[in-house]
Structures are given as C-alpha cells and as structure tokens.
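**Student:** Pasted the sequence and its predicted model underneath.
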Amino acid sequence: MSSKVMNMVQSLNSTMDLRMSQDDSIILLGEDIGKDGGVFRVTDGLLDKYGEERVVDTPLVELGIVGMAIGMASSGLKPIAEIQFQDFIYTAMDQIINQMAKLRYRTAGLITAPLVLRTPYGGGIRGGLYHSQSGETYFAHTAGLVVMTPSNPYDAKGMLSSAIDSPDPVIFLEPKKLYRASKAEVPEEDYKIPVGKASLVHEGDDVTIITYGSMVPLVSRAVSNNSVSADVIDLRTLVPLDINAITESVRKTGRVVVVHEAPRTLGMGAEISALISERMIEYLYAPILRVTGPDTPFPYRLEEYYVPNEKRIMAAVQKVLEFR
Amino acid sequence: MSSKVMNMVQSLNSTMDLRMSQDDSIILLGEDIGKDGGVFRVTDGLLDKYGEERVVDTPLVELGIVGMAIGMASSGLKPIAEIQFQDFIYTAMDQIINQMAKLRYRTAGLITAPLVLRTPYGGGIRGGLYHSQSGETYFAHTAGLVVMTPSNPYDAKGMLSSAIDSPDPVIFLEPKKLYRASKAEVPEEDYKIPVGKASLVHEGDDVTIITYGSMVPLVSRAVSNNSVSADVIDLRTLVPLDINAITESVRKTGRVVVVHEAPRTLGMGAEISALISERMIEYLYAPILRVTGPDTPFPYRLEEYYVPNEKRIMAAVQKVLEFR
Amino acid sequence: MVEELNEQAQREKYVRGFGAMVLSRTLDRKLITAQRQGRVGFYTPSTGQEATQVGASMALSKEDIIYEYYRDVALMIHRGVPIEVMLDQVFGNSSDLAKGRQMPSHFVARNYNFMSIQSPVATNLPLAVGAAYAIKYRKKGNIVFATFGEGSSSTPDFHAAMNMAAVFNLPIVFMCENNGWAISTPVEKQTKTEIWKKADAYGMRGVKVDGNDFIETYKVTAEAVEQARAGNGPTLIEAVSYRMGPHSTSDDTSKYRTDEVQEGSEKDPIEVAANTLKEMGFINDNVVSRIKEESVRIVEQKFDEREKIPAPDPETMFHDVLAELTWNLEEQMREIL
Amino acid sequence: MVEELNEQAQREKYVRGFGAMVLSRTLDRKLITAQRQGRVGFYTPSTGQEATQVGASMALSKEDIIYEYYRDVALMIHRGVPIEVMLDQVFGNSSDLAKGRQMPSHFVARNYNFMSIQSPVATNLPLAVGAAYAIKYRKKGNIVFATFGEGSSSTPDFHAAMNMAAVFNLPIVFMCENNGWAISTPVEKQTKTEIWKKADAYGMRGVKVDGNDFIETYKVTAEAVEQARAGNGPTLIEAVSYRMGPHSTSDDTSKYRTDEVQEGSEKDPIEVAANTLKEMGFINDNVVSRIKEESVRIVEQKFDEREKIPAPDPETMFHDVLAELTWNLEEQMREIL
Ligand SMILES: Cc1ncc(C[n+]2csc(CCOP(=O)(O)OP(=O)(O)O)c2C)c(N)n1
Ligand SMILES: Cc1ncc(C[n+]2csc(CCOP(=O)(O)OP(=O)(O)O)c2C)c(N)n1
Ligand SMILES: [Mg+2]
Ligand SMILES: [Mg+2]
C-alpha cells in the first residue's frame, strides 16, 4: 500500500480523482471548477481527465448549483457540488433547508438526494466579512443533513470518500486555513473514515477539549506546548455527533472546554455544552467554557483578534482546571 | 386611557395603523398584504387607509422584499416587511445574513438598515413541513439582528412599537398559533415594551422555566394546573437576551427547564443552557433540561406529537425537581 | 408534433382526457366541501386548469419525469395516479406513500415519475434541471416536464432554472400555468411582460397557448417535447387559463376580485372541452352525463373508504430524517411517545 | 440626452474624465504591485473598465445614489472620492471610514452617495431598488445608479431587482459592466443571450453600448438617467468592455484564457479615449504625459502616507454590531483583549 505526502487540497483532489475514475455517476459542478480548477484549486486537473460533462462550470448561481445537484442525485447520479466560499451559500439556503434536507422525509424515502456539497469555510486568508464565515450552525440545526469537516489531509480523504458513499446529503466544510497549512502521508488507495466517528487526537486526564476543523491543529499545539493532560476530541462529523466519544471523555475528566471559530451564540459549543449538562452534569467539576469567535461579523484587519488563539484556549483551560 | 379587548392579529394591526397615522415614513411591503390584508389578515384594512404607495403588494420574491426594505431603510424610510410564512424566508437568507445583519458593521454605522421583518412562525394550523417551522436559531445565531417574539396581544403591541423605533434591523416572529387564540386588554395609545427585556409571567421558588412565543401560554397553564412553584420567564427578545432575568431566577431556583417548539439541536435551549452552565454552574442542583420539537422536519398528521405539550413539560419539571 | 392517430385512437385519447378533467373537477368539489365539513384539512383545487394539465399530460410518455406543483391534480389523474393515492395523501393516513408527513395537495407518486411537491414555489425547477442533466448525461431519451404558476416566475428559482436549462441545452419543458392570480396578486402586479416572452432572456424558445383548449395545449406541448427529445433544448410554454376557485381552502376571493368565472360557464375549460368533443362527434350529452356520474360515484366511494384509514403510527414521525435513525432521534422518540 | 455644453466646458468635462481614468489605472497598477510585495492584502482592479465607469459617472449628479460593485474604482475616482479614502479602505487602517472591517476593494463613501460594497455579487441590486422606491415616494428628483458584472446577471438578486424596478416603475438605471469574464467563466457559458436583451423579460428598456467608448457610454447613460428622472422608469444598460487584468490579485488568468488585451494596445479604453480626445483637439501627447506623471506622483505620495497609518484599535472590532454594545460583546471584548 503506497502513500504520498500531500496537503489537504491535494488529498481532496486525489480522492475525487480516484472515485471518479471508478464511478461514472460522480459529477462535479460549481463555479470556476473547470479550467480554473476552483479558486482554491481543489478540482485542478479534473476537467482535463473527465471532460466538461463531468466537471461542470456553472453559471453564477448557487441555488441553481444546489438545486441541480439535488435533481441529479434523485436521478441516480452522485453529484459533488462546490460552493466557492461558504459565505455565499446563503443564496442557496432555501434549496438546502427546504429541499436537500427534507426530500427524504417528505417522500418517506421514495426520493432522496445523496449529494456532497463541498465548501471552504473559516478564516485564515484575511477575507473579511464575506470570505471567512463559519456557518456550521445553520446546517447542523437543519434536520436532514449530515455535516462534516476534516482537520488534516489524511482525514480529508477518508471523510470525503465516506461522504460520497453516504445515502444522505452531506455538507462538507473544508477549513480553508488548513488547505495548504499541513502535510501528511495519504494512502493512494481508497479508505473510509466513517460518518459520525470522532477522533481522539490527544489523550489526557484532566480536561476534555472538544473541537473540529480549523481549530484542531491549534488546540493540539496548545495542549502540547503547555503540557496539559487533556483529551482533545476532533469531532470530524458535526451531525450526527459522536456522543459516545464525548460522554466517555467527559466522565473521565469532568472538565470541558469547547473551541470553535464560529460566533459564540448558538455555535456548536452551545449544543455540546447543553448535551453535556443535560446528560452528565453530575460528572462536572467546573463550568463548560467556550472559546470561540465573538458575536460579530468577521473583521478584515483585526482577524487575529477574532480567531481563537493559544492564549485564549489556555486561559479557558486554566480556568476550568482551577475551578473548585 | 382607553383600551380594547383584542386578539394578537388585531393588536398588531392596530399598532401598525397607529404608527402609520403618525409617521409617513412607515411603509408596509409583502405578498398579498394589500386588498387581501395578508393571509392572516394582520394588515387588513391598511391599504384602504394608507394607499398603494404605503401598503405595497410585491411580486412573489422574498429576497426582493427584504432587499428592497433594506434599501428603503438606508434611505430614511421605515419599512415593515412581511414574509407570508417564516418557512419561505430562507429564499431571502443571503439578504438577511449578508446585508441586513452586516450593513451597520461593514460601514461602521455610516449606513444602517432599521427595518422590521415580520413573519408568522411555528405550528398550530396543521401546516406540515412548510407552514410550521420555527427558525429562530438561524436569526439568533446571526450577529447584527435583533430577534423578538411576542406571546400575547398586549406584548405584541408594545414590542412591535419598540421594533419600529429600533435603530437595528428586527426579525419579528409572530407565533401563528396565538394569532387568534387569546384575547387581552390592549391600550389604544402607543406604549413600548423595551427590546431586550424578558417578563416573569409566573413566580415561584423551585424551578425556572425559560420559554417564549407560542409556548408561553402552554407553560403557564402547565405550571398553574400542576401547582408548581416555578419562575416562568417569557424571554420576549431572543437577541439581545435578558441575561439578568435568567441569572436572577436560576440563582434562586437552581433548577432549569427550557421549552421551545423549534428542533432541539442548536435550538435556543442550547444557548440558554450553555450560558447558564458557563456562568452559574455552582448554583445548579440538577441538569438543565430541554423540552422541544424533535430533530425532524415538522410533520402534518402527527403535529400533536411534534409540538411540546403539558405532559412533556411536566415530565421534565418533575425530573429536575426530583434530581439529587 | 402530435403523433398520427386513426380516428378511433384519437377518439379514445381525447375522451380519456376529458374523463380525467371531469374526475379531477369532481375530486376538487368533493375536497372543498369536505374541508368545509372539517373532514379534510386543506386543499388547493385545480379547477379551471384541467384543460392545461390534461393537454400537457397527453403529450408526455410514461418515462418522462414530472416536477409538478401543488395544483396539478388533473395532470396526476390523467397520468394514471389512482384516486386512492391522492386521497391518502390528502388525509395523511397510514396508507399515504409519504406517511402523512405533508399537508394536503403535496403529492408524491414515484411510480408515475411524479417527483413530489414542496411548498416554496418554483423551487422544484432547479431540481428538474438537474434531472434533465442526468437524462442527457445518460442519453436516456426521456424528458423532464416541470410546472409552476405565473406568480412563481418572479422567484429566484425560476431564473436559475431557465438560465441553466438553456446554457446546458437540456431535455426539459417548462410549463407556466398562468391562471391570472397568485393568491390575491393579479399577473399585472407580478410582472410587466407576458411570461412566455421571458424565454427570450435565456435564449430559449417561448410559446403561449390557450390553456383552456386542451387540444391546442396538447399540440404545443407535443412540439416542445419533441424538440427536447431530439436534443434541441428546452421550451417555456405559457398556458393561459383562469383560477376559477379560491387559491386554497383557506382563501377568500371576495377580498380581492370580482371577475370570477363560474363553473359551467362558457369560460370553464370543461365546458369548452365538452363542446369541442361534441362537435367532433366524439361524445354526446349522454356520454358527458355518464362520465360525470361515474366520477362522482368513484370519488364518493373512494373518499369514504380512505377516510376510514387511521393516522400513521406516531413512531413514523422519527423515520426518514437520515437513512438511519440517529441516537438523538431514538432518545427523543422515547421521550415523546 | 446629454447636457448642452460650450466647447470649453465640454473640453473640461472630457479631459477631467480622462484624468480620472488615468488616475484609476495608476492606482490599479500600484496596488497590484504592492500586493505582490505583500504591502496590500488583496485588490480587484478596474483595468479595462475605466471608460465604462467614467462615461457613466459623467451622466450622474451629486445627489444620485450609487449602489456600486467592487470593480468600480474609476467610477469612484471620477465622482470625486479622494484617493486617501480609497487607500485607507485598502489598508483597512484606523482612518478607514469602515474601521478596516472589510477586505480591500469593498469601499464605502456615504458623502459621495456610495452605498458600500458587499461580496455576494448583485445583492446590492434589490437594495438599490428600495432606495429608488424611497426617492419616488419622497418625490426627490434624484435617481439610483446600480452596477454589476455580466456574470452577476445569473443571480437571483438580478432577477428580483429588475422585475421589481419595472413593476414599480422606479427611477433607477442598472448598468451591467460586461467585461467578458466572471473569474474564469466566459460570458458564453453564463447565458445564451446578450445581457441587454434580458431587459425585455421585465418590460424594461434595454440598451447596449461600447463600454470602451466613454463618450458613447456617457450619452447612453445620460439618456437613461433622463428617462428615470422624468418618472419614465428604469433602463438596463449593457456596457461591453474587457477585463484586462486578473479577476483579483488572487487570480491566475493563464489557467483559463489566452485572449488577453494588453495595456497600451488599441483595445485599451484609455488609449481609445486618448486618441478620441486628441482628434477632438482637447489634448496632445504632452498633456497625456503630464496627466500620467501627475497621477503617479499622487498615488505614490498618498500610498506612502496612508500605509503608515496604524491598524484600528482592537476594541473597534466589537462596535457597530447593533447600535449599542450588548452585554455578551462587552464580555467577549474583555475576554479577547
Ligand atoms: C417562496 C414562496 N413564497 C410564498 C409562498 C406562499 N404562496 C403559496 S402559493 C402563492 C401564489 C403562487 O401563485 P402562482 O405561482 O401564480 O401559482 P397558483 O397558486 O396561482 O397556481 C404564494 C404567494 C410560497 N409558497 N413560496
Ligand atoms: C453570490 C456569489 N457567488 C460567488 C462569488 C465569487 N465571485 C466573486 S466575483 C465572481 C465573478 C463575478 O463576475 P462578474 O459578475 O462578471 O463581475 P466581474 O468580476 O467580471 O467584474 C465570483 C464568482 C460571489 N462573490 N458571490
Ligand atoms: Mg397563478
Ligand atoms: Mg465580468
């Protein structure tokens, strides 16, 4: 079994390449995904290999991209649609909430929409208000969607491949900050990281830090740099949540910090906190703290103050560790 | 000071009538709000009084309604726009998230969008998937919006009047289940219920039940019928939350139940629970429980199983009361 | 082009079409009455649009995929969807194909290639385009037929779908059922042009037809279908009729219009069709009476039969959110039931 | 109709227009270079569209309200927005009117009635329609001018805005700056018609103009403005030019096109304008050189000056979410700073 060192862009690209070579029902569609290879180059080279019928440059209309992908999926194709930046997905929100998420339910499974909707999200490129948003709450709150976000090149491949096989529509959020930030060995053949399985990226006894996507490397670094004995859980799938991974760790540590980039109010941290305090409050020694983006739009020049950093993470960790 | 017995539809209607008669910058716009008076009759009679220029029947395009209202507001008018059912608001979601909520921030206050976006939400009319949704999370998670929902005819007037005066864009969610369900004395002259102020609709010592909108009468009834000594907090404004009202009560009772109709995952209950457990976990005697709609789309025939009822509320209350 | 038929086959085809119109109308009448009696929750009648829908349906094959809207009762009936299937949906009973999940008038019938109805108007159209893309990609030879009201031409989804269908040159026919009204909003307040002309903006063929004339509608649709099947791209058809009934059982037309068309009047498409077929010698008054009586008999019988079917098992509420029941739904099920 | 001017006034008007084009181009060059040097974060040049933008601007009055898009640098400069204001935005420094909150190229200049720029394309257009409604309602006499690219004609917001502007017969002029490309997508893949023809679908006047010819663009815009001011409704203008530069500083055009137009070539609108004005005897080579040198001097000087201005105070990040700072933001501010 051979493998290659890749960054996340390459890993995602090679996954689509591999799966497309095996299955002609897979169709890519989106803005500038053809010759341009996508503005982040995630589909680079695929047009040349698979042609215009399978790598479809669309007109500039996200709701058309999502709507078409739903119709394709209901007709037996396996679309992987790209939204250029997650910030622009709201123009397709009705298609996502009222069609993509509800088709299976409203037809009792007679008609379904197993598609993958990929989109880069979060900060990291100084994109300001409209090229930096982390909107996972909008999707995770919408019953009928699977929501995934990888944190490294290895997971990216196994998760995207599982997303492609999912019978459910998947929102696949790609942390653009990590597209080229880290490299890892990625096997060349197909493998799966199952939907709904978190990963314990660091083990310890004193505190559980729950995070995902772009924040995972940051949290791991913070924990290592400061020799904290922490369980660091990379959720990987936000819906359905891996409640067992959370439960097991929290019962062990009794102290919890949740870290994400999205704004605090009704961010994933809220749900995780609520789940913990309704199911295992008797195990808690300290308040559940959230280290998150503030409840403001995402600023351009002051980006570094917006996104959680090691200092803020450690402040919260200290606070829960010292709480009595 | 004279008053009249009104239901919520009449109260909202009379508020707009009163304010429009005093201020010609107030313009109503929406689908079928003119001759038809809106499908729930909330704008009934206003076309005859104020004419087609001020009570504007629009083409069938929600993003146009919201977008136009933003432009009007930035140009000094005071639009009150209606979305016929909250379920259809997602077709305008980009206008709401990326324009309405962010205009003040992105211009540092040079340009603002002080408009009111009214829309009926929730169950109660056997509307199934697409005429019953409670989407408050989508708005409350979006920084830059005020979110309000009245629970009775008296509040409806004072809150709508405050919303009209707000310098911020307001999402005004009207519980359609209560439109005609209850009547109350409503003063004829203008009065305000301030943005951001909750109301303690029932006082007690043993448990705090936090709720809003359509669930308030149900919770009040449950508490009275079962002689529970409970604080019942009607939030009224979801953003900005009245954290003081919550804190004061929870410190007293140490036991909390949140009740809403929206699906559980990332519903308002998640945020309220997280706020409490991060700020005052040491006051808690029991888990914070959530009585909510399940994480499914809203079903037609089985509506009564979807919406929280007295039995479910009391089960949660018993559970937190008995917890040790 | 319409298929060449001998007189006998033509007679059968047209009389069957007429029968579907009458049956649809009969179902409308029954359900509106039943709603007033509290036996049915809601309904959106097809009354006034039967000729449009049946004419269109006559041009379609079994394999064609339909992305329909809530008012397409006559279309479904003509295509052969059993009355039982429709009534079960309206009642939302345990026999309903969609387990009673949707409001009445939100039909699905996958066996007949009806791809199910959502409420947000015109949002079926981008899906229809995707389905047409799949047909073209797989070189299947069938086409997609997608319907919507004239009010819905103002929506984002209409614009997206029309443009994409044209850009990708897909095998799809769009039919705008222009019944003059979008709830209380007349077409003149909706837009300043005729709907069929909007096709120009997408480089698509647009055509207008008298939707009260089922034979004309059949011919025009057949032409568009042929064009699509031949790989020559989409057409937008505007079929002009009139919404004779209320928007839905919740609607009160007296608030906003006075130009009502009465059932049985010369503008009623069923009268128009009856007269045409009489002139062609295909039917006479006796046949018409028999068809109407038979329709009433069927509808009454099926209504009573389907009304008795109980509600779905409450557990079903939790199914089909995702393919598998997740842990949170399992817990919520236990909590609620 | 364009205003009647004596030769002297005309000369001044046209030469001033030319000066704005050159200054805009100079700013583009500087900012693209500065971005490569890491001194600026991002930028979307107006290069190739200067004649379109300046021509349009010449037809507008101070009171007119502009809902512009990210590429309208020459439009802003011609309208008098100081280079400082634009550079402060690009740097996002503490002098920036919007406190450094937006990416470069997302300008606002309320004093000049520029209503600020969002990224999701064409979503300014419904707002523009609302502003036009306010003008009509208040009988103010000014108009709204709204711009977008040809790729943006595929969006929901374009469709909504065009239809509403026509239905309400509003004082607004839409200008589509067709530069041939939407990032890597050529206009032929965007839609199967010419953009100006889409006006028909809304019952609106549509007109096409050579956007490389600033005088023609001025005249065509002036006519549309006059129509709007007179209460005779909206116009859609398609101004055809070419995006000579990359989409933005993040873009690599070699991936997708080979038909580049070079600066200084005969298709460069600034060359076109220079030649026209020379033929009219309004300028000569010396004047052109002087204007270009002066532009470089101004841009260099202002750039160095504004680059030195520090970032905004971190506290400002928490302001202007709502009118008042809420308790949660106060807490988060303490936590973060
Ligand atoms: C996006 C959206 N907005 C609003 C509604 C509410 N609504 C239901 S039907 C309707 C009018 C539709 O008119 P038209 O398209 O002409 O179809 P018709 O009902 O006349 O057949 C409206 C406004 C909706 N269903 N979807
Ligand atoms: C709704 C939305 N989708 C996608 C994008 C990403 N994007 C930015 S500019 C652009 C192309 C716009 O092309 P056009 O409208 O022709 O304007 P131009 O840049 O050529 O001036 C795209 C796809 C966006 N900004 N907004
Ligand atoms: Mg209609
Ligand atoms: Mg362009």
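**Tutor:** Ah, there it is. Numbering: from 1, shown residues only, chains lettered A, B, ... in the order given. Ligands and ions are numbered 1, 2, ... in the order given.

**Student:** and stretch C:294-314, does that touch chain A?
**Tutor:** No - Stretch C:294-314 stays clear of chain A (CB under 8 Å from any CB of the partner chain), getting no nearer than 9.3 Å. C-beta here means a position set from N, CA and C on the backbone, and glycine is covered the same way.

**Student:** Let me see the residues that make contact with that stretch.
**Tutor:** B:301-302, B:305, C:19, C:22-23, C:25-27, C:30, C:34, C:39, C:83-84, C:87-88, C:91-96, C:99-100, C:336-337 (CB atoms under 8 Å, 6 or more residues apart in numbering or on different chains).

**Student:** Surely residue A:88 is in contact with residue D:122?
**Tutor:** No - using CB atoms under 8 Å, residue A:88 is not in contact with residue D:122, being 11.2 Å away.

**Student:** neighbour count winner among those two?
**Tutor:** It is residue D:122, of residue A:88 and residue D:122, that has more neighbours when counted by other CB atoms under 10 Å in any protein chain shown, with 27 against 23.

**Student:** got the phi/psi numbers for that one?
**Tutor:** Per-residue torsions, residue D:122: phi 70, psi 0 (degrees, to the nearest 10).

**Student:** Tell me where the stretch 1-150 of chain C has helices.
**Tutor:** Counting by DSSP state H, counting those that start in this stretch, the stretch 1-150 of chain C has helices at residues C:7-36, C:50-58, C:73-78, C:83-91, C:124-138.

**Student:** nope, the stretch 201-324 of chain A is what I meant
**Tutor:** A:216-225, A:243-253, A:268-279, A:303-306, A:310-322.

**Student:** Out of the ones you listed, flag the one nearest residue B:149.
**Tutor:** helix A:268-279 (18.8 Å; CB to CB).

**Student:** Number of residues surrounding residue 292?
**Tutor:** Defaulting to chain A. 26.

**Student:** Sorry, I should have been clearer: chain C.
**Tutor:** 17.

**Student:** Let's have the helices of the stretch 1-150 of chain C in a markdown table, adding mean neighbour count.
**Tutor:** As requested, the helices of the stretch 1-150 of chain C are exported to a markdown table (neighbours: other CB atoms under 10 Å in any protein chain shown):
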| stretch | mean neighbour count |
| --- | --- |
| helix C:7-36 | 19 |
| helix C:50-58 | 30 |
| helix C:73-78 | 28 |
| helix C:83-91 | 23 |
| helix C:124-138 | 28 |
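
**Student:** And the ones you listed: which comes nearest residue A:263?
**Tutor:** helix C:124-138 (29.9 Å).

**Student:** So which bits of the stretch 151-300 of chain C are right by ligand 1?
**Tutor:** C:151, C:152, C:177, C:179, C:181, C:182, C:183, C:243, C:247 (CB under 6 Å from any ligand atom).

**Student:** Strands of chain A, start to end?
**Tutor:** A:3-6, A:26-30, A:55-57, A:78-82, A:116-121, A:146-148, A:170-175, A:184-187, A:199-202, A:207-211, A:230-234, A:237-239, A:256-263, A:289-293 (DSSP state E).

**Student:** Need those strands in a markdown table (columns: mean pLDDT).
**Tutor:** A markdown table is the format used below for the strands of chain A (pLDDT from 0 to 100):
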| stretch | mean pLDDT |
| --- | --- |
| strand A:3-6 | 96 |
| strand A:26-30 | 98 |
| strand A:55-57 | 98 |
| strand A:78-82 | 99 |
| strand A:116-121 | 98 |
| strand A:146-148 | 99 |
| strand A:170-175 | 99 |
| strand A:184-187 | 97 |
| strand A:199-202 | 98 |
| strand A:207-211 | 98 |
| strand A:230-234 | 98 |
| strand A:237-239 | 98 |
| strand A:256-263 | 98 |
| strand A:289-293 | 98 |
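
**Student:** so can I have JSON lines of the ones you listed showing distance to ligand 4?
**Tutor:** Below are the strands of chain A laid out as JSON lines (distance: least, CB to the ion, whole Å):
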{"stretch": "strand A:3-6", "distance to ligand 4": "34"}
{"stretch": "strand A:26-30", "distance to ligand 4": "17"}
{"stretch": "strand A:55-57", "distance to ligand 4": "14"}
{"stretch": "strand A:78-82", "distance to ligand 4": "20"}
{"stretch": "strand A:116-121", "distance to ligand 4": "22"}
{"stretch": "strand A:146-148", "distance to ligand 4": "33"}
{"stretch": "strand A:170-175", "distance to ligand 4": "26"}
{"stretch": "strand A:184-187", "distance to ligand 4": "37"}
{"stretch": "strand A:199-202", "distance to ligand 4": "43"}
{"stretch": "strand A:207-211", "distance to ligand 4": "40"}
{"stretch": "strand A:230-234", "distance to ligand 4": "40"}
{"stretch": "strand A:237-239", "distance to ligand 4": "36"}
{"stretch": "strand A:256-263", "distance to ligand 4": "32"}
{"stretch": "strand A:289-293", "distance to ligand 4": "32"}
